[in-house]
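In: My questions are about this predicted structure, shown below with the sequence.
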There are 2 protein chains.
Amino acid sequence: MTDAPSPALETALAYHRAWTGHDFDRAMTYVADDIVCEAPAGPIRGARAFRDFMEPFSHILTDSRVIAAFGDETTALMMYDTTTLPVASAPGAECLTVGDGVITHLRIIFNQAPFIAAEQARRTPTGG
Amino acid sequence: MTDAPSPALETALAYHRAWTGHDFDRAMTYVADDIVCEAPAGPIRGARAFRDFMEPFSHILTDSRVIAAFGDETTALMMYDTTTLPVASAPGAECLTVGDGVITHLRIIFNQAPFIAAEQARRTPTGG
């Protein structure tokens, strides 16, 4: 991390602590009403749709750990690992644009494949 | 990015420019012999295995763009987008640990799902 404080990183980490702490109401205080989120399945526009996308993930989250986090005036970049109910290690990376203390753009990268595989396994009877 | 030069980021960007420029011999000059790479499918140990993992991806790469990149003395964090032959937008994120000018540890996050889907589509006759 840089020695100089990064306003964008402070907001990003506050958002991160809130949602990984299962306080999504607080997490949303750091999210702009007109946020655009570039997610693996495509763009998500607006705070309501963003919450519908991210909050269910926070419900299956059992542990998380920041791997690295940097930022400057307007941009924060984070990588973290998560433990979730269906997938033991599901790391993610986010690039966040911050203005006036709220996140206006968030690009998130994670691997959908193990979640798809877990869902397929759940739907497939094991027989017997 | 920080104003102060980051030795780790310099190495990470040099590696990135080389492999996205299809010069994997040069890319490997920035990789430690005993590199450990944490990839979506699990850990990859050693420069030979690392090259076997990353070089085929460079062959299907048609374009790339750095989204954000930060670093300090020993750690670099990057996010980038790529265009590949099977998948139009395949962004990735890497957290790299650098010592003595070479990458000793690299955690890479990308979404395997569209590559799996493209491979399944390739193997499935379209009929007619």
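Out: Alright, I've got the coordinates.
In: How about the residues of chain A by chain B?
Out: Counting by C-beta under 8 Å from any C-beta of the partner chain, chain A comes close to chain B at A:1-2, A:4, A:40, A:67-72, A:75, A:77-79, A:91-93, A:95, A:107, A:109-113, A:116. C-betas here are computed from N, CA, C, even on glycine.
In: Please indicate which of the residues you listed are buried?
Out: Buried members of the residues of chain A next to chain B, counted by 16 or more other C-beta atoms under 10 Å in any protein chain shown: A:2, A:40, A:67-72, A:75, A:77-79, A:91-93, A:95, A:107, A:109-113.
In: Filter those residues down to the ones in strands?
Out: Judged by DSSP state E, the subset of those located in strands is A:67-71, A:75, A:77-79, A:92-93, A:95, A:107, A:109-110.
In: remind me which residues of chain A are low pLDDT?
Out: A:1-4, A:126-128 (pLDDT under 70).
In: ok, and for stretch A:21-41, which residues are buried?
Out: For stretch A:21-41, burial by neighbour count (16+ other C-beta under 10 Å) applies to A:Phe24, A:Ala27, A:Met28, A:Tyr30, A:Val31, A:Ala32, A:Ile35, A:Val36, A:Cys37, A:Glu38, A:Ala39, A:Pro40.
In: Inside strands: which ones of those?
Out: Secondary structure from DSSP E places A:Val31, A:Ala32, A:Ile35, A:Val36, A:Cys37, A:Glu38, A:Ala39 of those in strands.
In: which stretch of helix or strand covers the residue lying closest to the third one once chain neighbours are set aside?
Out: Take A:Ile35 and drop its neighbours on the chain: the residue closest to it by C-beta to C-beta, 6 or more residues apart in numbering or on different chains is A:Phe50, 5.3 Å away. Counting by DSSP states H and E, the element that carries A:Phe50 is helix A:47-60.
In: That helix packs against which elements?
Out: Packing partners of helix A:47-60 (3 or more C-beta pairs under 8 Å, 6 or more residues apart in numbering or on different chains; DSSP states H and E): helix A:7-20, helix A:24-28, strand A:31-39.
In: if you set the cut-off to 7 Å instead, what comes out?
Out: Using 3 or more C-beta pairs under 7 Å, 6 or more residues apart in numbering or on different chains; DSSP states H and E as the contact criterion, the elements in contact with helix A:47-60 are helix A:24-28, strand A:31-39.
In: With distance to A:Met54 as added columns, please give those in TSV.
Out: Formatted as TSV, those follow (distance: least, C-beta to C-beta, whole Å):
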stretch	distance to A:Met54
helix A:24-28	8
strand A:31-39	8
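In: of all those, which lies closest to A:Pro56?
Out: helix A:24-28 (9.9 Å; C-beta to C-beta).
In: Please compute how far that closest one lies from its chain's middle.
Out: Relative to its chain's centre, helix A:24-28 lies at 12 Å (C-alpha atoms, centre = their mean, to the nearest Å).
In: same question, stretch A:31-40
Out: Offset of stretch A:31-40 from its chain centre (C-alpha atoms, centre = their mean): 11 Å.
In: Please apply the same query to stretch A:9-17.
Out: 11 Å.
In: which residues sit in contact with the residue nearest to A:Asp63 when sequence neighbours are not counted?
Out: In space, and not counting its chain neighbours, A:Asp63 is closest to A:Thr83: 3.9 Å by C-beta to C-beta, 6+ apart. For A:Thr83, the contacting residues are A:Thr62, A:Asp63, A:Ser89, by C-beta atoms under 7 Å, 6 or more residues apart in numbering or on different chains.
In: Keep only those of those that are in strands.
Out: Using DSSP E, those in strands are A:Thr62, A:Asp63.
In: Can you tell me which of the contacts of A:Thr83 lies closest to A:Ala12?
Out: Nearest to A:Ala12 among the contacts of A:Thr83, with distances taken as C-beta to C-beta, is A:Asp63, at 19.4 Å.
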